[in-house]
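S.K.: Starting from these lines, generate the structure:
(chains A and B)
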Amino acid sequence: MERSASVELPLEANATSAASSVPFATVRSRHSALVRVTHWITALCFVTLLVTGIEILISHPRFYWGESGNVLTKPLFQIPIPASRKTVPTGYGYVLPDQNGWSRYLHFQSAWVVVLTGLLYVISAVFTGHLRKNLLPCKGDVSWRAISAVAAKSLLLRRPSEAEAWSYNALQRLSYLFVIFVLFPLVIWTGLAMSPAFVAAVPVSVELLGGQQSARTIHFFVSVALALFLVVHVAMVIVAGFWNRVRAMITGRGTGMERI
Amino acid sequence: MSNVSRRKWIKAGVVAATGVAGLGAAARIAQRYGLIPPDHGGIYGVGETLNYASYKLCTRHSLAREFSPSQISKPPFANEIAPLNDAYKRLQAGGFADWRLTVDGMVDRPTTFSIAQLKSYPSQSQITQLACEEGWSYIAEWIGVRLSHVLNLVGAHRQAKYVVYFSIDLNWWDSIDMGDALHPQTFLAYGMNGDDLPVGNGGPLRMRVPRQLGYKNVKFITRLTLTDSMKGFGKGLGSASPEGGYAWYAGI
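M.R.: Numbers count the residues shown, from 1 in each chain, chains lettered A, B, ... in the order given. So this is what the prediction gives:
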């Protein structure tokens, strides 16, 4: 039988002390099964939501503010891409194929899966201590000096130290918290605020945002922010050692980081 | 096989069996309470069913938001329409005096109405938003007769589950469940912004379902059929939309 790391070591490796007491090149548990499963379901849903979201967007790449907006309304801004409807003036001489039907079906199906997965993750994070141990930053780490030091290191694309390799640094923790508790709730809220059935039941959901078109515009910007997070997230994984980190997120085990 | 792994397998088997049984029971209950949309099959059926079922469970009695006259979109908007067929053009030439709405299916008294007859019934108006699945929207005042009023006149059967509605454009038909059909804001609309309903907006007669997206609001309505099953209509998916790849339920 293969050596099971989780038997000998705590599921959630954290704290510098644990890291320093373990020799390099050992196999250790890095992510709990729940974190791994919810991570990959979220990743899959995120990609489908992004692709289908872009497909839906190209049927009307104009954005407005307020309750309503159409081609007779002055847009807030327009994305300079061709559209999948000939009724939208884009300046391009051609129209892209209409992919809205399956895109909408898949967008909502993925949204259901990712919302339920996210709820499972957040609830279990509270009860298992994952939130407290791995996501909430330690007091000493939340200062401009500490954070700017981490940021500088990340920007220079420096590989993380051994201790950091087993836990999340303060900047990471803050960005994960921001994504989980600000961007995800916002993107769900603004998505629902575009639904005529949902806003009939909960009118305040759209009124607080300034109208259905405002909700759509905010939904777009939050999606852009999430896409940027994905780019930075993948870039940081590459800097830290792509295969090692991906393996850790699949099997739960990462081989010890070599000394930098 | 060690005892531990056998126990693990038995445990997993029990969990899986419970899961399957639970899903089966949930499906039967959902079917009984009308939570399953006609286009529940296929790879996107799960999401579609969750959308429709949560709407039915949580928001069925809510009213679409109504706006003030100052919020009506100016200039009034009309989306591009498909080329009108000859049957339509003939009726248009006659000022729609011969336009007829036939109501049949699971009703006591199948009836045919002219636009003038529909206008003689209590007229209602609503200032609501029409949002398109593409992303644009407009607000207008819609004038018409409640669909529930017409359904009462013809004596709709209790067993009817859907109202299927057909456009003079033969490729365009749709359906709503009885909950939506009897909703006070579901209109057979013949007027807009204080005037007759313009051709571009579906004149002389359009289905108005303000809690669903634009494509559920079929233009140029000529026939309503009440039924307890969508099986005999098209491919049985509830409307022309799923046959073209779009969801039957368009509340989101």
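
S.K.: Look up how far residue B:96 lies from residue B:108.
M.R.: Going from residue B:108 to residue B:96 by Cβ to Cβ, to the nearest Å gives 28 Å. Heads up, the C-betas are built off the backbone N, CA and C, glycines and all.

S.K.: all helices for chain B, in order.
M.R.: Applying DSSP state H to chain B gives helices spanning B:3-32, B:45-58, B:86-93, B:115-120, B:147-154, B:178-181, B:240-243.

S.K.: winner for burial among these?
M.R.: helix B:240-243 (a mean of 22; mean count of other Cβ atoms under 10 Å in any protein chain shown).

S.K.: Disregarding residues adjacent in the polypeptide, which is nearest to residue A:79?
M.R.: The shortest distance from residue A:79 to any residue other than its chain neighbours is 4.2 Å, reached at residue A:61 (Cβ to Cβ, 6 or more residues apart in numbering or on different chains).

S.K.: I'd guessed the one you found sits against residue A:83; true?
M.R.: Yes - between residue A:61 and residue A:83 there is a contact at 5.7 Å, judged by Cβ atoms under 8 Å.

S.K.: picking that back up, residue B:108 and residue B:96: which is more packed in?
M.R.: Set residue B:108 next to residue B:96 and count neighbours by other Cβ atoms under 10 Å in any protein chain shown: residue B:96 wins out with 20 against 10.

S.K.: Check the helices of chain B for me: which has the lowest mean pLDDT.
M.R.: Mean pLDDT is lowest for helix B:3-32 out of these, coming in at a mean of 82.

S.K.: joint contacts of residue A:61 and residue A:83?
M.R.: Common neighbours of residue A:61 and residue A:83 (criterion: Cβ atoms under 8 Å, 6 or more residues apart in numbering or on different chains): residue A:90.

S.K.: ok now do residue A:202, which residues does it touch?
M.R.: By Cβ under 8 Å, 6+ apart, residue A:202 lies in contact with residue A:192.

S.K.: so can I have JSON lines of the helices of chain B showing distance to residue A:95?
M.R.: JSON lines is the format used below for these (distance: least, Cβ to Cβ, whole Å):
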{"stretch": "helix B:3-32", "distance to residue A:95": "40"}
{"stretch": "helix B:45-58", "distance to residue A:95": "27"}
{"stretch": "helix B:86-93", "distance to residue A:95": "25"}
{"stretch": "helix B:115-120", "distance to residue A:95": "35"}
{"stretch": "helix B:147-154", "distance to residue A:95": "35"}
{"stretch": "helix B:178-181", "distance to residue A:95": "33"}
{"stretch": "helix B:240-243", "distance to residue A:95": "20"}
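
S.K.: how about JSON lines for those, with distance to chain A added?
M.R.: Output for those, formatted as JSON lines (distance: least, Cβ to the nearest Cβ, whole Å):
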{"stretch": "helix B:3-32", "distance to chain A": "10"}
{"stretch": "helix B:45-58", "distance to chain A": "3"}
{"stretch": "helix B:86-93", "distance to chain A": "21"}
{"stretch": "helix B:115-120", "distance to chain A": "25"}
{"stretch": "helix B:147-154", "distance to chain A": "17"}
{"stretch": "helix B:178-181", "distance to chain A": "10"}
{"stretch": "helix B:240-243", "distance to chain A": "8"}
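
S.K.: Out of those helices, flag the one nearest residue A:220.
M.R.: Residue A:220 lies closest to helix B:45-58 among the helices of chain B, at 21.3 Å (Cβ to Cβ).

S.K.: And for the closest one, what's in contact with it?
M.R.: For helix B:45-58, contacts defined as Cβ under 8 Å, 6+ apart pick out A:105-106, A:108-112, A:197, A:201, B:30, B:33-37, B:39-40, B:177, B:179, B:247-249, B:251-252.

S.K.: Buried subset of the residues you listed, written for PyMOL?
M.R.: Buried subset of the contacts of helix B:45-58, written as a PyMOL selection, criterion 16 or more other Cβ atoms under 10 Å in any protein chain shown:
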select buried, (chain A and resi 105+106+108+109+110+111+112+197+201) or (chain B and resi 30+35+36+37+39+40+177+247+248+249+251+252)
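
S.K.: Next step: the contacts of helix B:45-58 restricted to strands.
M.R.: With strands taken from DSSP state E, the overlap with the contacts of helix B:45-58 comprises residue B:177.

S.K.: Which positions in chain A make contact with chain B?
M.R.: A:56-57, A:59-60, A:62, A:67-73, A:85-87, A:100-102, A:104-106, A:108-112, A:192, A:194-201, A:203, A:206, A:212-213, A:216 (Cβ under 8 Å from any Cβ of the partner chain).

S.K.: shaky segments in chain B?
M.R.: Along chain B, the parts satisfying pLDDT under 70 run over B:1-4.

S.K.: what pairs with the residue most central in space within it across the strands?
M.R.: Against the mean C-alpha coordinate of chain B, by Cα atoms, centre = their mean, the closest residue is residue B:176 at 3.5 Å. Residue B:176 has these beta-bridge partners by DSSP bridges: residue B:163.

S.K.: give me every residue that touches it.
M.R.: Here residue B:176 is in contact with B:162, B:163, B:165, B:186, B:209, B:212, B:216 (criterion: Cβ under 8 Å, 6+ apart).

S.K.: again with residue B:35
M.R.: Applying Cβ under 8 Å, 6+ apart, the residues near residue B:35 are B:49, B:52, B:53, B:56, B:57.

S.K.: Could you find the closest non-adjacent residue to residue B:248?
M.R.: Closest to residue B:248 by Cβ to Cβ, 6+ apart is residue B:238, at 3.8 Å.

S.K.: From chain A, how far off is that neighbour?
M.R.: For residue B:238, the distance to chain A equals 14 Å [Cβ to the nearest Cβ, to the nearest Å].

S.K.: List the buried residues for the host helix or strand of residue A:247?
M.R.: Assessed by DSSP states H and E, residue A:247 sits inside helix A:212-251. Neighbour counts using 16+ other Cβ under 10 Å place A:212-220, A:222-223, A:225-226, A:229, A:236-237, A:239-241, A:244-245, A:248-249 of helix A:212-251 among the buried residues.

S.K.: Check the offset of it from the chain's centre.
M.R.: 5 Å (Cα atoms, centre = their mean, to the nearest Å).

S.K.: how much space is there between residue B:68 and chain A?
M.R.: To chain A, residue B:68 is 11 Å away according to Cβ to the nearest Cβ.

S.K.: go on, residue B:135?
M.R.: Going from residue B:135 to chain A by Cβ to the nearest Cβ gives 4 Å.

S.K.: Identify the residues contacting that residue.
M.R.: Counting by Cβ under 8 Å, 6+ apart, residue B:135 touches A:56, A:57, A:59, A:60, A:62, A:216.

S.K.: ok, now with 10 Å
M.R.: The contact partners of residue B:135, by Cβ atoms under 10 Å, 6 or more residues apart in numbering or on different chains, come to A:56-64, A:69-70, A:85, A:88, A:100, A:194, A:212-213, A:216, A:220.
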